[in-house]
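[1] Please find the sequence and the predicted model below.
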Protein chains: 2
Amino acid sequence: MVDILHKVGIEGSSTEQVYSALTTLDGLSGWWTEDTTGETDIGDVIAFRFAAGGFDMKIVELNSAKRVQWQVVDGPEEWIGTTVGFDLRQDGDYTIVLFKHAGWREPVEFMHHCSTKWATFLMSLKMLVETGEGAPAPRDVKIDSWD
Amino acid sequence: MVDILHKVGIEGSSTEQVYSALTTLDGLSGWWTEDTTGETDIGDVIAFRFAAGGFDMKIVELNSAKRVQWQVVDGPEEWIGTTVGFDLRQDGDYTIVLFKHAGWREPVEFMHHCSTKWATFLMSLKMLVETGEGAPAPRDVKIDSWD
């Protein structure tokens, strides 16, 4: 099992602000994909849709301003059963986000793609909270010919 | 042992162009760090320097227009002994770059940082080859409070 790991530091923000961007439809649609629907309590499923498909995420943990954890319940075969988590902490003027997409069965080419793509989306989250304007799909940063 | 994986597709480029950006001082200083010195044959060491320190990479494999592999011989303790590799292939109008920074002993916070940072530098490589202008240090994209 192999994991995708990332870190961003969001300047001039509180963990509460970043937590809101990770736990509300308004926040999520501002940095990952504009087409975000569903309910946002523990046990609920959020549907994230992109031109090429999408992901259904079941919310398995919400620890206010500290931790968000999803389980992938529908989407590409390689994603199903994997988990996506965000750990938050304050570090001076920064909110530090430690990201982990865990449980990939094999380090396939699609995992390479998703690793780079997650980095660009986390930079979009950073931009959203710092400036009010992220780059969610379909206005997302394109990284390769699969985009 | 855990690895950092990434993928970018560089549009309108040949594998030879990308290989050049990975194997010449002029190319490397155009996307990773402007302060790049050393020799560039197999067995040689290239010194990459940043404001906070740097990395010495021994070139262990050069497979023309297909593969570049380095071993980290000096730098942060977590990096020493790890390997950094780039595999290239043509896919229509794109050169596909599969990147792997392998052999991390533990998934420490610094690995999360480096994973995101590598993504931004690979996007810099893409920009350099596509447009002639990358974003090497010290003009690199800042991702957190360690930058």
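    The structure has been received and is ready for your questions. Numbers count the residues shown, from 1 in each chain, chains lettered A, B, ... in the order given.

[2] make it CA atoms for all contacts and neighbour counts henceforth
    Fine.

[3] Show me what the helix or strand hosting A:R49 pairs with in its sheet, parallel or antiparallel.
    Under the criterion of DSSP states H and E, A:R49 resides in strand A:45-50. Strand pairing for strand A:45-50, determined by DSSP bridges: strand A:35-38 (antiparallel), strand A:53-63 (antiparallel).

[4] can those strands go into TSV with extra columns for distance to B:V2, mean pLDDT and mean neighbour count?
    Listed next are these as TSV, based on distance: least, C-alpha to C-alpha, whole Å; pLDDT from 0 to 100; neighbours: other C-alpha atoms under 10 Å in any protein chain shown:
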stretch	distance to B:V2	mean pLDDT	mean neighbour count
strand A:35-38	32	98	18
strand A:53-63	25	97	18
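
[5] Put together CSV for the ones you listed, with distance to B:L62 on each row.
    Listed next are these as CSV, based on distance: least, C-alpha to C-alpha, whole Å:
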stretch, distance to B:L62
strand A:35-38, 44
strand A:53-63, 38
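
[6] Could I get the full set of helices for chain A?
    Assigned by DSSP state H, the helices in chain A fall at A:15-23, A:25-28, A:109-131.

[7] can you list the weak-confidence ranges in chain A?
    Low-confidence segments of chain A, defined by pLDDT under 70: A:1.

[8] try 50
    Counting by pLDDT under 50, chain A contains no low-confidence residues.

[9] Flag every residue of chain A that's near chain B.
    Contact residues, chain A versus chain B (C-alpha under 8 Å from any C-alpha of the partner chain): A:2, A:4-11, A:94, A:96, A:98-99, A:109, A:111-116, A:119-120, A:123, A:143-145.

[10] Can you flag the buried ones in those?
    Neighbour-count burial (16 or more other C-alpha atoms under 10 Å in any protein chain shown) applied to the residues of chain A next to chain B gives A:2, A:4-11, A:94, A:96, A:98-99, A:111-116, A:119-120, A:123, A:143-144.

[11] A:S14 versus the residue of chain A most remote from its centre, what's the distance?
    Computed with C-alpha atoms, centre = their mean, the maximum C-alpha offset from the centroid of chain A is found at A:G92, amounting to 23.2 Å. Counting by C-alpha to C-alpha, to the nearest Å, the gap from A:G92 to A:S14 is 10 Å.

[12] Okay, and the beta partners of A:F86?
    Taking DSSP bridges as the rule, A:F86 bridges to A:V68, A:F99.

[13] can I assume it is in contact with A:A65?
    No - here A:F86 does not reach A:A65: they are 10.2 Å apart, not a contact under C-alpha atoms under 8 Å.
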